[in-house]
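> What would the 3D arrangement of this be:
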Amino acid sequence: MQPNILNEHTRNPLLQNKMQNPVAAWENLPPVFQPDVRITLKPESELIARSKIKNVPSDNPLIVSRKLGNKKSIAVLARDIWKWKLQTAAKDMDLFDRFIISSVKWLNTSEDQKQVKISTNKKIYSLGEQVEFIAQVYDEIFNPVSDAEVKINIRGNEQSSELILSSVGNGLYEGVFETNKPGDYSFSGNARFENISLGKDNGSFNIGEVDIEMINPGMNFEFLSSLAERTGGKYFHQDNYSELFPILKSINENASREKIETSEINLWSSEWLMAIVILLLGLEWFLRKRAGML
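Presented below is the predicted three-dimensional model:
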């Protein structure tokens, strides 16, 4: 018997390996022995692979997983599976090891653990402040999934918005939501990978009509000291404010000074200027009169 992987389980984390085509790797494994009996699965069981006889698929299950409440189990319904370890194709020598390790991880995951976790960086925001979303996405054995589609629906204040988060690697996703309307908001998110839902999560946050600067009106000593140091300035506390006055005095003394002087001259205040103007006007009249221009 050889494994015949079902189409819907080609991305099952229990079957993954380093090769691009996990189905081909599994179907090239050496045959194992399966009794000639008909096996019926319980309703809560999940069929992962059927047996294949001489490259012809059969209806008998070969690899089965079961989840009932907090109990999980995996069964390989065949014997001599050690051949998969000893005679694995040279291109994928760790296929059997990966299957065992992934099975152990899946069996040890708790139902309380969520494959998809979506949250905001805080619960209460001020008007005009950005709402930052952070998501973590894992597969069934809690390996990070970095190429999923994470979509969030945001509802509140008689409006609805949709936000798609961007992957930052290692199963982490980020996104920013902005609005100018205060109120209570709720969100629900869903992560999908190759049209398969990995999980959902939801939450809420509040945007209040509070000035951002008034959230923490206390003096931030560390920020002010760091700002003064980076900009070449100095920080003064109320206990040493007197040291500020000599510095201000020195700055004022060394500052460039600009002096503007203005003066006014009234032409009619000088008798000589008035006599010259009258003489010139009279000379002009005489010349025009003689030339026949008047």
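> And the helices in the stretch 101-250 of the chain?
221-230, 244-254 (DSSP state H, counting those that start in this stretch).
> Kindly reformat the ones you listed as CSV and extend each row with distance to residue 138, mean pLDDT and mean neighbour count.
Where you see a C-beta, it was placed from the backbone N, CA and C, and this is true even at glycine. Shown next, in CSV, are the helices of the stretch 101-250 of the chain (distance: least, CB to CB, whole Å; pLDDT from 0 to 100; neighbours: other CB atoms under 10 Å):
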stretch, distance to residue 138, mean pLDDT, mean neighbour count
helix 221-230, 37, 84, 11
helix 244-254, 56, 81, 9
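> Using a markdown table, lay out the ones you listed together with distance to residue 14.
Converted to a markdown table, the helices of the stretch 101-250 of the chain look like this (distance: least, CB to CB, whole Å):
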| stretch | distance to residue 14 |
| --- | --- |
| helix 221-230 | 50 |
| helix 244-254 | 70 |
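> can you tell which of those is closest to residue 162?
helix 221-230 (36.1 Å; CB to CB).
> Output that closest one as CSV, nothing but the C-alphas.
C-alpha atoms of helix 221-230 as CSV (Å, rounded to 0.1, in the frame of the first residue of the first chain):
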residue,chain,number,x,y,z
PHE,A,221,12.1,64.3,32.1
GLU,A,222,13.7,61.6,29.9
PHE,A,223,12.2,62.9,26.7
LEU,A,224,13.1,66.6,27.4
SER,A,225,16.7,65.6,28.3
SER,A,226,17.1,63.5,25.2
LEU,A,227,15.6,66.2,23.0
ALA,A,228,17.9,68.8,24.4
GLU,A,229,21.0,66.6,24.0
ARG,A,230,20.2,65.6,20.3
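> Distance from the chain centre to it, please.
Put simply, helix 221-230 sits 29 Å off its chain's centre (CA atoms, centre = their mean, to the nearest Å).
> now stretch 36-47
43 Å.
> Residue 168 is in contact with residue 174, isn't it?
Yes: contact status for residue 168 versus residue 174: in contact at 5.6 Å, counting by CB atoms under 8 Å.
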